[in-house]
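Undergrad: this is the structure alone, sequence omitted:
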Ligand SMILES: NC(=O)c1ccc[n+]([C@@H]2O[C@H](COP(=O)([O-])OP(=O)(O)OC[C@H]3O[C@@H](n4cnc5c(N)ncnc54)[C@H](OP(=O)(O)O)[C@@H]3O)[C@@H](O)[C@H]2O)c1
């Protein structure tokens, strides 16, 4: 971390890769960490959306590049890391925010939506971790921040598969944290409750959404509320591991 007396911003020496940065929580994290001096690789499939945030970061005198990649495709993930490292340098912080969520009853048998959630939330995140892990271990520094969910701590009806994917993220993170502690690496899970983003818009099982979606019953979080939690985790000195942060609307605790 930069010395507070040096005039440098606190993340000036950090290369930060943020997946899911083309909207919502990932975009808020990318823009917030760029303001702190981080050199940001913004990852997502929609390059045009990524470019909007790259433009914003540059207008605020930050450093950001757009890296179009599908996290479910291993070759694209390896290429995204290679491209980032060539352009910005070795990845110091990986933020896994790419994800998808569908409200659906299990009895509705939405197989394609189940598979998509597992492919992106579990397999995609795992591949991204794998793609940066060797480098972080060899440099003996690195921080992996996984955007999990409060649904990774409690099974929510209507979100059985989604909750399952986030329990996976929690389990992987906990085990990985033990495996990499001797190399100086940190692993953080952020567990948001409902956040005002496009995540809900993909749901097709309207019966399940009507029954279980509580996001209109109280004031829910802004994406930047989650980004602030990430900021807190990544700014701690290296001996401090912020392992979990749950941030929920005050009116809807789990
Ligand atoms: N919103 C909430 O209430 C809430 C609560 C708890 C946790 N979360 C978690 O927060 C994370 C971000 O969600 P959000 O609310 O910000 O939703 P969002 O606005 O829909 O953003 C999802 C992001 O994931 C990216 N993405 C999806 N599939 C991808 C793929 N195959 N490859 C690469 N990128 C992919 C999307 O980009 P492209 O479409 O451009 O690829 C988009 O940038 C998710 O992991 C979600 O589970 C959200």
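TA: Noted; the coordinates are in hand. Just so we're clear, the structure is a prediction, and the values are computed from it rather than from any experiment. Numbers count the residues shown, from 1 in each chain.

Undergrad: what's the neighbour count on the closest residue to the ligand within the stretch 51-200 of the chain?
TA: Here the stretch 51-200 of the chain gets closest to the ligand at one residue, residue 99, 2.2 Å apart by Cβ to the nearest ligand atom. All C-beta spots, glycine's among them, are computed from the backbone N, C-alpha and C. Number of residues near residue 99 (other Cβ atoms under 10 Å) recorded here: 26.

Undergrad: and for residue 67?
TA: There are 25 residues near residue 67, going by other Cβ under 10 Å.

Undergrad: from the middle of its chain, how far away would the host helix or strand of it be?
TA: Assigned by DSSP states H and E, residue 67 belongs to strand 63-68. For strand 63-68, the gap between its own C-alpha mean and the chain's C-alpha mean amounts to 16 Å (Cα atoms, centre = their mean, to the nearest Å).

Undergrad: residues of this protein that sit close to the ligand?
TA: Counting by Cβ under 6 Å from any ligand atom, the residues of the chain close to the ligand are 19-20, 22-26, 44-46, 49, 70-72, 97-101, 120, 124, 147, 149, 192, 194-195, 197-199.

Undergrad: now do the SS call for the closest residue to residue 162 other than its chain neighbours.
TA: Of all residues not flanking residue 162 in the chain, residue 101 sits nearest, at 4.8 Å (Cβ to Cβ, 6 or more residues apart in numbering). When classified by DSSP: H, G, I helix; E, B strand; the rest coil, residue 101 comes out as coil.

Undergrad: isn't residue 101 up against residue 116?
TA: No. Taking Cβ atoms under 8 Å as the definition, residue 101 is not a contact partner of residue 116, at 9.9 Å.

Undergrad: in stretch 201-217, which residues are buried?
TA: Counting neighbours by 16 or more other Cβ atoms under 10 Å, one finds that the buried residues in stretch 201-217 are 203, 205, 208, 209, 212, 213, 215.

Undergrad: which residues does the residue lying closest to the fifth one once chain neighbours are set aside contact?
TA: Spatial nearest neighbour of residue 212, excluding adjacent residues (Cβ to Cβ, 6+ apart): residue 158 at 3.2 Å. Counting by Cβ atoms under 8 Å, 6 or more residues apart in numbering, residue 158 makes contact with 103, 104, 105, 208, 209, 211, 212, 213.

Undergrad: residue 155 too?
TA: 163, 164, 167.

Undergrad: now do residue 132
TA: 17, 81, 91, 94, 142, 144.

Undergrad: before we move on, back to that, give me the nearest residue to the residue of the stretch 51-200 of the chain closest to the ligand, chain neighbours excluded.
TA: residue 121 (4.9 Å).

Undergrad: now the helices: where do they sit in this protein?
TA: Here the chain has its helices, by DSSP state H, at 24-35, 47-59, 74-87, 111-117, 125-139, 160-180, 206-212, 223-234.

Undergrad: one step back: and the residue of the stretch 51-200 of the chain closest to the ligand, how far from residue 35?
TA: Distance of residue 99 to residue 35, computed by Cβ to Cβ, to the nearest Å: 24 Å.
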